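*Asks:* have a look at this prediction, sequence included:
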Amino acid sequence: VTFNTLVMDSELAQAVELLDTLDDLAPDGVIVQDLGVARVIREHFPSLALHASTQMAAHNPDGARALANAGFSRVVLARELTIKEMAEITRSCGIETEVFIHGALCYSVSGLCLFSSVTSGRSGNRGRCAYCCREAFTKAGCSSAAASAESYPFSMRDLCLAPVLGQIVAAGVSSLKIEGRMKSPLYVASVTDYYRRKLDGRLTPDDERALAQDLQTVFSRPWTRLYAEGPETPPDKIIDPNFIGHRGALIGHMQALIRERDGTRWLRLTTERPLEKHDGIQVEQTGGGKPFGFAVNRMRQAGGRDTAITQPAGSAVDIALPDGDLPPLPPGAPVFCAASQAVRRRYTFTSLREADLCPGRPADIEVILSPAGITAKARAQSSGDRVVAAETSLAFPLAPSRQPDQTRAAVLKCFERTGGSGWRLGKLTVEDPHGCYAPPSKLNELRRALLDRLTAAWDEARALERAGALNAICRDPARSAANVQPERAVNWTLKLRVGSPLPSPACLRGIGAVVLGIGHSDAALVEAAAETLRAAGAERGITLALPLLTRAHEEPALRATVSYLIGKGWRRWECADLAGVQMLADFGMRPWSADWSLYALNRCAARELAAAGFRRFVLSPEIADNEAAALAQAIGTDSYAPETPVPVPEFTVYRHT
């Protein structure tokens, strides 16, 4: 179950309520991004298995090891990794790995994009992305019309790792993930069918080609393997800058636009796949943008008079165009099948019925019959250590049974009928030493009363546990209300990178601290920049910031740089992710400050950072002023707000525009 959104401090009570429900439902795992949510699960719902969301941007062995040390049993790796990197993390980090193999891609590394939040107020880190990267943009300052035309420079192709699926399986990953957010049941059916058959080795090359095209008719942008085969993939194989949205399966190219005397207009092509009435067609437009789409309402052999319901692959076909204005449709334009009736018929869907579902949590029930009446006892245990019991009795005389060997079957029949109570029968024990007859009406009455009492006891126990969790979560670990200090003057922190212009001594006046991002610069350059800042008057504190992204091939050089600087006495370090925390721990160091990407939007996340050694953290630019003030009041930890960063991609858009 995905719980991979960031949680504000004011939402902690709702989060605990939902986690308690999940604990009751006992899923195989909970996918988490928020460090505070992970802390709550570890401390109060330990039976829930923690899976690290791809939103945590785990992209190297240090990050995966840090997650394993934090109690996560599985990590969903960043989509940008190579198969070699996937294999290294899987082999060496002591944590299960899950990788995306198909579906939509973000321009930014997942979890590191604030584009939607800043431009629309809808945070991608809270499940509300407005998909700004799919919008059209124009280049500023261009004089020619061609250069200033709209394009989609941030719109990614769809991931498809089917061609390298065998290599991914050989890498030892535990789970393959398909992006299916906001997709139809037909999409889910077709994409899982495709990959299941491929995993099982049940596809000939021709079968695979046909099944892949069928999938494309349901929903597909152009496909990319991203960096699975290596980091050298050029941007034009990753970005689709000219067209937007679902394309379909390529079936040919427009040969001619036929106009008849009655006003009917026909699109002529030779189709590479069978077509039938009501299929969907899309034609790429010369100027780019959204393809021109329409349904096949009338179709005939090219130049013929009679319309047909179907046309086989390889046929020269005329397809009637819709009435009204048409965009330019030049010969040679690619034509796609964007919806296939044949594919829709191939997959059947059964409506979900409550009767098909497991009716509730199991309860072990003991029924005791005696001449004076019936007693029933119930006992239920959650996936954790919660045990709840209930008991009820009906006092009335029971006559001897004429068929005592049938008593247990009669009791079983009644107590299996749990209906919508939220319970199902677990183990049934029947004690009937006197061979009594229990009327079914009385057994049903007893069952209803028993399950009502069990539900009340269960709800009470849950409420007490939730209250206990909230009391523990909302306590003030740092200071009491009496110790809250009056409002302090703002302290300014200057953050800059190695290689950027260094400020003069005059510029440093009034600056409380300086954070120097070392990137992947040479140790000597970092040391020189830091010493220059120190000489310019930044004596009050220089913190060296580790880079946000460090790929496996960059790690040895970064470790050498960090080791050198620690040896030179540099002790204050800022981390942008858990990989940095792990790297410092390997050198016996604890971090000083956390960058915004180690999101701390609630007190539990702040406590998690404090437990890792952080003395201060950067507030996320997404946090509202009132939430930030309340959080600072609750935790008493130094924090500061940064300028809003741009999306963090693996490559930059200017390389291909």
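*Replies:* Arrived safely, thanks for sending.
*Asks:* after the longest helix belonging to the chain, next one along is what?
*Replies:* Counting residues, the longest helix in the chain under DSSP state H turns out to be helix 440-474. Note on helix 440-474: by DSSP states H and E, the next helix or strand toward the C-terminus is strand 492-497.
*Asks:* ok, and what's touching that next one?
*Replies:* Among residues not part of strand 492-497, those counted as contacts by CB atoms under 8 Å, 6 or more residues apart in numbering are 502-503, 508, 510-517, 519, 545, 640, 642. Just so you know, the C-beta spots here come from the backbone N, C-alpha and C atoms, and that holds for glycine as well.
*Asks:* buried ones in the longest helix of the chain?
*Replies:* Neighbour-count burial for helix 440-474 flags 443, 446-447, 450-451, 453-455, 457-458, 462, 465-466, 469-470, 473 (criterion: 16 or more other CB atoms under 10 Å).
*Asks:* cool, and stretch 359-376?
*Replies:* Residues of stretch 359-376 classed as buried: 359-361, 363, 365, 367, 369-370, 373-376 (neighbour count, 16+ other CB under 10 Å).
*Asks:* list the contacts of the closest residue to V343 other than its chain neighbours.
*Replies:* Closest residue in space to V343, ignoring its immediate chain neighbours: D214 at 4.8 Å, by CB to CB, 6 or more residues apart in numbering. By CB under 8 Å, 6+ apart, the contact list for D214 reads 190, 194, 249, 340, 343, 346.
*Asks:* turn the residues you listed into CSV, columns for pLDDT and distance to I623.
*Replies:* Below are the contacts of D214 laid out as CSV (pLDDT from 0 to 100; distance: CB to CB, whole Å):
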residue, pLDDT, distance to I623
S190, 97, 40
Y194, 98, 41
A249, 98, 44
S340, 98, 46
V343, 98, 45
R346, 94, 48
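*Asks:* which stretch of helix or strand covers the residue lying closest to P185 once chain neighbours are set aside?
*Replies:* Leaving aside its sequence neighbours, P185 sits nearest to F349 (CB to CB, 6+ apart; 5.4 Å). F349 belongs to no helix or strand when assigned by DSSP H and E.
*Asks:* mind listing what F349 touches?
*Replies:* Counted by CB under 8 Å, 6+ apart, F349 has contacts 185-186, 189.
*Asks:* how much space between it and V188?
*Replies:* 10 Å (CB to CB, to the nearest Å).
*Asks:* also T264?
*Replies:* 38 Å.
*Asks:* again with A612
*Replies:* According to CB to CB, A612 stands 39 Å off from V188.
*Asks:* now do A513
*Replies:* From A513 across to V188, the span is 50 Å (CB to CB).
*Asks:* please say which of those two ends up with more neighbours.
*Replies:* A513 (20 against 15; other CB atoms under 10 Å).
*Asks:* in which helix or strand would I find the more buried one?
*Replies:* Assigned by DSSP H and E, A513 falls in strand 511-517.
*Asks:* okay, buried residues for that strand please.
*Replies:* Residues of strand 511-517 classed as buried by neighbour count (16+ other CB under 10 Å): 511, 513-517.
*Asks:* which of those lies closest to D206?
*Replies:* Using CB to CB, G517 is the member of the buried residues of strand 511-517 that lies nearest D206, at 52.9 Å.
*Asks:* report the contact partners of that closest one.
*Replies:* 495-498, 545, 547.
*Asks:* before we move on, what about H51?
*Replies:* Neighbouring residues of H51 by CB under 8 Å, 6+ apart: 29-32, 72-76, 98.
*Asks:* may I see the PyMOL selection of the buried members of these?
*Replies:* Only the buried entries of the contacts of H51 go into this PyMOL selection, using 16+ other CB under 10 Å:
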select buried, resi 29+30+31+32+72+74+75+76+98
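*Asks:* in strands, which of the contacts of H51 appear?
*Replies:* 30-32, 72-76, 98 (DSSP state E).
*Asks:* tell me where the stretch 151-300 of the chain has strands.
*Replies:* Applying DSSP state E, counting those that start in this stretch to the stretch 151-300 of the chain gives strands spanning 158-160, 175-178, 223-224, 249-253, 256-259, 265-270, 275-276, 280-283, 292-295, 299-301.
*Asks:* okay, the angle between the longest one and strand 249-253?
*Replies:* Angle of strand 265-270 versus strand 249-253, following axes from the mean of the first three to the mean of the last three CA atoms, to 10 degrees, is 100 degrees.
*Asks:* can I get strand 265-270 in PDB, CA atoms only?
*Replies:* The C-alpha trace of strand 265-270 is given here as PDB (Å, rounded to 0.1, in the frame of the first residue of the first chain):
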ATOM      1  CA  ARG A 265     -12.900  13.400 -47.100                       C
ATOM      2  CA  TRP A 266     -10.900  10.300 -46.800                       C
ATOM      3  CA  LEU A 267      -7.500   9.600 -45.300                       C
ATOM      4  CA  ARG A 268      -5.600   7.000 -47.400                       C
ATOM      5  CA  LEU A 269      -2.800   4.700 -46.000                       C
ATOM      6  CA  THR A 270      -1.600   1.200 -46.100                       C
END
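*Asks:* that one - contacts with which helices or strands?
*Replies:* Contacts defined by 3 or more CB pairs under 8 Å, 6 or more residues apart in numbering; DSSP states H and E place strand 265-270 against strand 249-253, strand 256-259, strand 316-320.
*Asks:* what's it in contact with?
*Replies:* Strand 265-270 is contacted by residues 251-260, 281, 283, 300, 302, 314-321, 326, 329, 335 when judged by CB under 8 Å, 6+ apart.
*Asks:* and if you look at the second one?
*Replies:* Residues external to strand 175-178 that are found in contact with it (CB under 8 Å, 6+ apart): 74, 76, 96-103, 165, 168, 191-192, 195, 199.
*Asks:* now that strand: buried residues?
*Replies:* Per 16+ other CB under 10 Å, strand 175-178 contains these buried residues: 176-178.
*Asks:* give me the sheet partners of that strand and which way each runs.
*Replies:* In the sheet, strand 175-178 lines up against strand 96-103 (parallel) (DSSP bridges).
*Asks:* break the chain into its domains for me.
*Replies:* Taking automatic domain parsing as the criterion, the chain consists of the domains 2-233, 249-346, 360-474, 491-654.
*Asks:* any chance of the ones you listed in TSV, plus distance to P241?
*Replies:* Shown next, in TSV, are the domains of the chain (distance: least, CB to CB, whole Å):
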stretch	distance to P241
domain 2-233	5
domain 249-346	8
domain 360-474	46
domain 491-654	9
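*Asks:* could you tell me the least trusted of the ones you listed?
*Replies:* With a mean of 87, domain 491-654 has the lowest mean pLDDT of those.
*Asks:* picking up where we left off before, just the buried residues out of the contacts of F349, in ChimeraX syntax.
*Replies:* To isolate the buried members of the contacts of F349 in ChimeraX, using 16+ other CB under 10 Å:
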select :186,189
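*Asks:* which of the contacts of F349 sits closest to P222?
*Replies:* Within the contacts of F349, the smallest distance to P222 is 20.1 Å, found for L186 (CB to CB).
*Asks:* OK, contacts around that closest one?
*Replies:* With contacts defined as CB under 8 Å, 6+ apart, the neighbours of L186 are 218, 343-344, 347, 349.
*Asks:* does M583 belong to a helix or a strand, and which?
*Replies:* Counting by DSSP H and E, the element that carries M583 is helix 578-586.
*Asks:* just how off-centre is that helix within its chain?
*Replies:* Distance of helix 578-586 from its chain centroid, counting by CA atoms, centre = their mean, to the nearest Å, is 24 Å.
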